[in-house]
Each structure stands twice: as structure tokens, then as C-alpha cells.
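J.: mind looking at a prediction? Sequence and model below.
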Amino acid sequence: MREALAYPIRGDHGEKALLSAWLCVFVHAIALPVIALVPLVGYATTVLSRGHVGDPPPFLERALVTRSLGATLLAVGYGIVPIGTALVTVRLLTGADQPPTDANAIFVLAGSTTILVVLAGYAYVLPIALANYARAGSLRAGVSGLVGVASHAAYFVGWASGIVLFLAGLAVSSAFADLGGLYTVAGSLVGAYAVLASSRRIARGYAEAADYRRH
């Protein structure tokens, strides 16, 4: 974890990459929601695929635009299932005209659990798909070779700790953003830092699992 926390400011490109990521999150917060995050998605995808490399890659690579669009397409494609599951469940829960019953409560619990499981599965598999895509440079690679990495203990440990790091950073970032003003600037920095550090943590687990699978 300590290695991942130091990662965003390490090496020749670390500080410039962090500044670029910070700018993406800040513009997302004040002007271009979601759209401004697309380059950051592409950069995080690059980080995920380079767990065996010690220092951060440069942010403004020639392939960033293409990789960002491909990574976004994969994220949206994989997100169809959890989003669809959530929409169907919410529709079923809110579409009934009858008053709530015990059966409804059980259905709500089952539906909520299903949504959480599907979302967790999405969050678990997506980094593998993105890293595979960045390594191979092909969208087809993003939908293959998932099980071998996903079932490896090293990936699970890296993913679990990376997700904890990401969620903690997101909580702090959101709290700052809600305060507005200069706190939004600080919150954007925390959010960008959390994305890079958590991506690095997951990347280390991915690299170990992927290399083991090859051998």
C-alpha cells in the first residue's frame, strides 16, 4: 500500500501526470461532468497495464486519445449488465400499485443484494479488461483472458486494497467538493491522487497474476 501511495509523485513523469489528472477531475467538477474524465480513464488504463514498471508513464502520450476512447467503450459495455439489473430492479420495486407487504420487503432485500453482487463483479472484472486492452492494443483482448487473472489470489489482494484506497479517496474528495470554493480544488487533487494510487495497487496484483498465468 505504501508503494502505491508514493507512486503518483515518483519518477520523471509523476508530478506532471498528477497535475494532468488533477485538472481532469477539477474540470469534471466545475464544467464538464464525466466528459473531462475520459482522458483520466485512458491514463488509468495505462497505469493498470504497467504494474511491472516502477514509475508512472507520461500523461500526454500520443496514444492517449485512442486508449481513452477504447477504455471508455469497454467500461460502458461492461456496465450494461449492472446498469440494466439496477434499472429492472428499481422498476419492479416502484411499479407496483399495491401497498408494501412482507413479500415486498423480501423482494427489496433480494433485489438490493443482486445489484450489489453484480456491481461488485463489474468492478472486479473491469480493471482486468482495461489492462488486457492496453497491453494488447485491441478491444478484443478486453473481453478475453479474464478468468485466469480474476481467479488468482494476487489480483484479488491488489484489487481489494486498491478499491479500499479508491473509495476512501472518493469519500474525502466528495466531502471537500460539497463545501465548494477552494475545497473543490483540494477535493479534485485528492480524487486524482486516489485514482492513480488505487490503479497502481490493482496493477501490481494484475501484473503478478497475468505473469503467473503466462508461465
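T.: Structure's in. What do you need? Numbering: from 1, shown residues only.
J.: helices or strands up against the helix or strand containing residue 207?
T.: Taking DSSP states H and E as the criterion, residue 207 maps to helix 182-214. Contact here means 3 or more Cβ pairs under 8 Å, 6 or more residues apart in numbering; DSSP states H and E; on that basis helix 182-214 packs against helix 2-6, helix 14-30, helix 38-49, helix 102-136, helix 146-150, helix 153-179. For every residue, glycine as well, the C-beta is placed using N, CA and C.
J.: what residues of the helix or strand following the third one count as buried?
T.: Where DSSP H and E defines the elements, the next helix or strand beyond helix 38-49 is helix 64-94. Neighbour-count burial for helix 64-94, with 16 or more other Cβ atoms under 10 Å as criterion, is recorded at 64, 67-68, 70-72, 74-75, 78, 82, 85-86, 89.
J.: and if you look at stretch 185-204?
T.: Result for stretch 185-204 [16+ other Cβ under 10 Å]: buried residues 187-204.
J.: again, but for stretch 116-129
T.: 118, 119, 122, 124, 125, 126, 127, 128, 129.
J.: want to throw the residues you listed into JSON lines with distance to residue 48?
T.: Output for the buried residues of stretch 116-129, formatted as JSON lines (distance: Cβ to Cβ, whole Å):
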{"residue": "118", "distance to residue 48": "22"}
{"residue": "119", "distance to residue 48": "19"}
{"residue": "122", "distance to residue 48": "15"}
{"residue": "124", "distance to residue 48": "13"}
{"residue": "125", "distance to residue 48": "12"}
{"residue": "126", "distance to residue 48": "10"}
{"residue": "127", "distance to residue 48": "5"}
{"residue": "128", "distance to residue 48": "9"}
{"residue": "129", "distance to residue 48": "10"}
